[in-house]
Structures are given as C-alpha cells and as structure tokens.
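Asker: what's the 3D shape of this:
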Amino acid sequence: MQIVASKISRTFGSTRALIDVSVELHGGEIHALVGENGAGKSTLLKILGGAERPDSGSMTIDGAPYRPASLNEAVAHGVGLVFQEITINPSLTVAENILVGQLNRFSRGGLLTEKALARRAQELLDSFSAKISVRQSLSSLDLGQWKCIEIARALSTRPEAVFFDESTAFLNHREVEVVLTAMRALRDRGLAVAFVSHHLAEVGAVADRLTILKDGRKVGDFEAGELDREQIQSLMVGRDMSKGIYPERADRVDGRTALTLTNVGAGAQLAPLSLTVQQGEIVGIAGLKGAGGERLLEIVAGVERASSGEIQIGDEAGAARSPSEGWAKGVAYLPGDRSGEGVIVSASVLDNLVMAQPPRHGPWFDRARASGLATEMVDALHIKTASIKAPSSSLSGGNLQKVVLGKCLAVKPRILLLNNPTRGVDVGARLEIYRSLRESAAQGLAIVVVSEDLNELIGLSDRILVMRAGIVTARIDDPSGATEDALIRYMT
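Answerer: Numbers count the residues shown, from 1 in each chain. Sure thing, here's the model as predicted:
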C-alpha cells in the first residue's frame, strides 16, 4: 500500500495546525512523525486515519482518491488507527476486547461462541508475536500488553496500514519495547506503519523514514540514520541543539541536608530505605513501574503512609500525614498524572498556578498578588498562553506540564518531588523544564525525580538510585559516565 497526502491544511479556530503538508507512507516501512507539541503531527496522523478531516489538500491510496469522513471509512479503505489513550474495557475478556466490534459474527442464536472468538483473537495476537494468551486476565497484563490488545483489535479489520498516535506516551521502558516489537512485526508483514512520538530513542530504534514538522509546516523528510539526534532536535525547535538538551551540572550549594530518610519502608512495595538529599542536589530514581520510586515520593509528600522508618524534612522530624501538610512543610509534589492529579483543566492558568497555597489578604483571596505570582511563573517557565485567565484546557501538553511545575515552584518549596516531569512533553518544553530545575537547584532547592526516561535521569541527576521490586539495587554517585543499558541491567 502507498498513501500519498498532498498539501494538507487544517485550522482550528485561529490556530493553523497544518499548512500545506505533504507526506508519503509505504508498505513495509515504519514512518515517524516528529516535532514539538503543536507542530501538527497528531493532526496529520488523525487526518490520514479518518479521525479528522482536512480543510484543503488531497489524499490517495495506491493512486485512488482517499478522503475518509470517519474512522469507519478509513477502516473500509484498509487503514487502522491506535490512539494514545487506553481503550480497553476491563469488564470484558482479552478476546472480547479485541473483537468487540465484531461480536455478532461469533454468536449463534443470541449466544456467543467463545471458542471461535478466542481462536480468532489468539490468531491476531500471534500474527505479530504479542506473546499474550487470550486465557490471561486483563489484570495480569501491563499497559504495554494492553496496547498490544488494541493493536490486535486494529488488525481484526485486516488493514494494510496501521497508525500509532503517541501510543507509547505513558508506558514504561519494558512496555514501550513490547509496542516497538509489534511495530517491527507489522512492518515485516508488509504493512505501512506510521507513528507519532516525543521520544527520539524510539524513532531511532524502529523508524525507516521520518518527517519533521514545526509550527504546522513540514521541515523535511529523511531516511533513517541520515540525521543524528541533535540534528533532529535542532530542526524540531529551530535552533542549534549540538550541545544537547541538558544544562551543565553546577557546583552543589554548600547547604544543609534537606531530606533524611532512615529505614523508610512500605511493606512489600518498598523495602526499608535510607537516603539523604542535600540542598541544591538533584537525586534521580530509576526503575520500572511498581519498582518503588513512585511510592517513595508519595510517602514523602504525605499521599501515602510509611509502615516503618523515620522521615526528617530539614531540621523537622516527622513525616507529612497528608498532602496539605506536606505542602505546609515545604514539600512540593508533581504527580505522574498531570490531567487527573496535577491540574484542574477547566480552571484558569492563574488558578492552577496558585492552587497549592492561594495568596490571601486576611481571610480573603488576594487576586492582585495571585495575578502577580502567576505572571511571574508564566514568564519564568515560558508558558505559552493567551492570558493567565485562559482555561488550562487551551494549553498544549508541554505548557500544561509547565503549569504543574509552576504550581510547585510558586510556593518556594524546600523539597521538590517529581514523578515523570516530562512525560508526553516535546523537546522544546523539556529544554525549559530542565533549565528551570537546574536553576532552582543552583538556588538551593532539593529535587528528587522519578522518571522512566533513563537518558533524562543520566543527563539531569547528580546521583541516581536504581530500584527493582521495592529494593535499591544500585547507587550511582557520578551519572556522567552511566549508560542506559547499565541502568536497565540493575532494573530488570
């Protein structure tokens, strides 16, 4: 199959998402679409997959006109789309989730013929070596395997092209590899595969070709290996990235201990752990989902309780017993789910930025001070918003993440806890976030960061702890010489 899109344009209100973009996708190839948030890559993929319609331009499949008005019309033309969001129904079986739109084909007399259903679902899973049995319960599978179930669902319509719209955004390292392996298998079967990702390591691992977009326009098409990572980043953001995206490590502030953990544990989820974090230090924690890093942050933040051990924040002994007490003690926490826990998307940028500790004049909310503080955070973090009064729902993913970080920094904390601070964020926003974190550390802020992006931990941290199954398996005092492969060995 060959899909050709010519001069595609799409506008949303006053935003020109795509401007005369052309691209070709070929069977037996994996094609990556890369760019910053708002570059237009997801919009382009959704137009190709029938989820959006272009304002102008044309598309063909093997020379025949192609202009799907819906996902179903795209499916009828042999095109499947896998979204970023998980669409699994936990109340159904693995087989039912795969063939949910075709259950009537497997029923007789109103009753489901489960053997035939299971046989067909297993064939689909085996067709790209998913290594999942339809007999397994959904609760026993990780998110990467859930994503493979969605891939099998897309394959159930016998497509010749499958598109992935940021389908690895919220997966850990092991889960991502499951999906990338599936992509390779689809390519090897002759399908046209296209995907959107913010992680250039994924692009380098599987893409045969890539198209770079910036501000709705195509920068260029390139073969795999034609550009190195820094060159790709430079074209994405429009400035020289040869020095990389991580700020230089500064000399540590000669300050006091900001956080002391002594034999802090949480049953089977976290073995007793001792750790000190100094002012001006960034400590990274690596590990797969459930390894213990996220639980450790939640305990320090007051979201969860430790079952053993002692916590000291500065000179003050005693753990925070609730999130509000954590904030009061000077502990700011950026959760992993920015939309569900970090911000109220229906609230304004201003309200979200001052939410943790709203400024007051006596018993009243001080609107003037709040506006000044919100403006200060918008300027410091380069948050792109029409106004501090604009709804947070109007922001891109990267700018929404900056709002969550700004909410944390606005309280001028002693300790900043970060759970995957750049998850789903493009390279331009990462630059701003890393710069802000380094500057804050240089001013004496103690930072503990849990991240599934191992290169991020290596480039940003002063020290790294590696965890597996609630146990610290390695302590790396000089991450400058560490490698991603070395961390993975300690993680798995």
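Asker: Tell me which residues of the helix or strand containing residue 10 come out buried.
Answerer: Taking DSSP states H and E as the criterion, residue 10 maps to strand 2-12. By 16 or more other Cβ atoms under 10 Å, the buried positions in strand 2-12 come out as 3-5, 8-10. C-beta here means a position set from N, CA and C on the backbone, and glycine is covered the same way.
Asker: average pLDDT across the helix or strand that that strand is followed by?
Answerer: Sequence-wise, the next helix or strand downstream of strand 2-12 (DSSP H and E) is strand 15-26. Here strand 15-26 scores 94 as its mean pLDDT.
Asker: Going by contacts, tell me the helices and strands next to the helix or strand following strand 15-26.
Answerer: Scanning forward in sequence from strand 15-26 by DSSP H and E, the next helix or strand is strand 29-34. Packing contacts for strand 29-34, counted by 3 or more Cβ pairs under 8 Å, 6 or more residues apart in numbering; DSSP states H and E, involve strand 15-26, helix 41-48, helix 173-188, strand 192-196, helix 200-206, strand 209-214.
Asker: any chance of the ones you listed in a markdown table, plus distance to residue 145?
Answerer: Below are those laid out as a markdown table (distance: least, Cβ to Cβ, whole Å):
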| stretch | distance to residue 145 |
| --- | --- |
| strand 15-26 | 27 |
| helix 41-48 | 23 |
| helix 173-188 | 6 |
| strand 192-196 | 18 |
| helix 200-206 | 18 |
| strand 209-214 | 27 |
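Asker: who does the strand holding residue 10 pair up with?
Answerer: Strand 2-12 has these partner strands in its sheet, going by DSSP bridges: strand 15-26 (antiparallel), strand 56-61 (antiparallel).
Asker: Give me the residues contacting it.
Answerer: 16-27, 40, 43-44, 47-48, 52, 54-63, 66, 79, 161, 192 (Cβ atoms under 8 Å, 6 or more residues apart in numbering).
Asker: now that strand, how far from the centre of its chain.
Answerer: 26 Å (Cα atoms, centre = their mean, to the nearest Å).
Asker: Also compute the angle for that strand relative to strand 192-196, please.
Answerer: 30 degrees (axes from the mean of the first three to the mean of the last three Cα atoms, to 10 degrees).
Asker: CA atoms only for strand 2-12 - export them in CSV, please.
Answerer: Extracted in CSV, the C-alpha atoms of strand 2-12 (Å, rounded to 0.1, in the frame of the first residue of the first chain):
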residue,chain,number,x,y,z
GLN,A,2,1.1,3.6,-0.7
ILE,A,3,-0.7,6.5,0.9
VAL,A,4,0.1,9.9,-0.5
ALA,A,5,-1.1,13.1,1.2
SER,A,6,-0.6,16.4,-0.8
LYS,A,7,-0.8,20.0,0.6
ILE,A,8,-2.9,19.1,3.6
SER,A,9,-4.1,22.1,5.7
ARG,A,10,-6.2,22.2,8.8
THR,A,11,-7.2,25.1,11.0
PHE,A,12,-8.8,25.0,14.5
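Asker: Return the angle between stretch directions for that strand and strand 29-34.
Answerer: Orientation of strand 2-12 against strand 29-34 (the same axes, to 10 degrees) gives an angle of 20 degrees.
Asker: where are the low-confidence patches of the stretch 1-150 of the chain?
Answerer: 108-112 (pLDDT under 70).
Asker: quick revisit: filter the contacts of strand 2-12 down to the buried ones, ChimeraX style.
Answerer: Here is the ChimeraX selection string for the buried members of the contacts of strand 2-12, based on 16+ other Cβ under 10 Å:
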select :17,18,19,21,23,24,25,26,27,40,43,44,47,48,52,54,57,59,61,66,79,161,192
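Asker: pLDDT weak spots in the stretch 251-400 of the chain?
Answerer: Ranges of the stretch 251-400 of the chain meeting pLDDT under 70: 251-254.
Asker: And the helices in it?
Answerer: 293-301, 323-328, 349-353, 367-381, 397-410 (DSSP state H, counting those that start in this stretch).
Asker: Would you map out the domains in the protein?
Answerer: 2-237, 246-330+413-492, 342-411 (automatic domain parsing).
Asker: Residue 480 and residue 452, how far apart?
Answerer: 21 Å (Cβ to Cβ, to the nearest Å).
Asker: between these two, which one's more packed in?
Answerer: residue 452 (23 against 10; other Cβ atoms under 10 Å).
Asker: From residue 148, how far off is the residue nearest to the more buried one when sequence neighbours are not counted?
Answerer: When the adjacent residues along the chain are set aside, residue 452 lies closest to residue 172, with 4.7 Å between them (Cβ to Cβ, 6 or more residues apart in numbering). For residue 172, the distance to residue 148 (Cβ to Cβ) stands at 15 Å.
Asker: For those two, indicate the residue with more neighbours.
Answerer: residue 148 (27 against 20).
Asker: returning to that earlier point: so what pLDDT did the residue nearest to residue 452 get?
Answerer: So residue 172 comes in at 75 (pLDDT).
Asker: and residue 85, what does it touch?
Answerer: Per Cβ under 8 Å, 6+ apart, neighbours of residue 85: none.
Asker: so who does residue 63 touch?
Answerer: Residue 63 neighbours (Cβ under 8 Å, 6+ apart): residue 2.
Asker: I should have written residue 116 there, sorry.
Answerer: residue 106.
Asker: Would it be right to say that it lies in a strand?
Answerer: No: counting by DSSP: H, G, I helix; E, B strand; the rest coil, residue 116 falls outside a strand, being helix.
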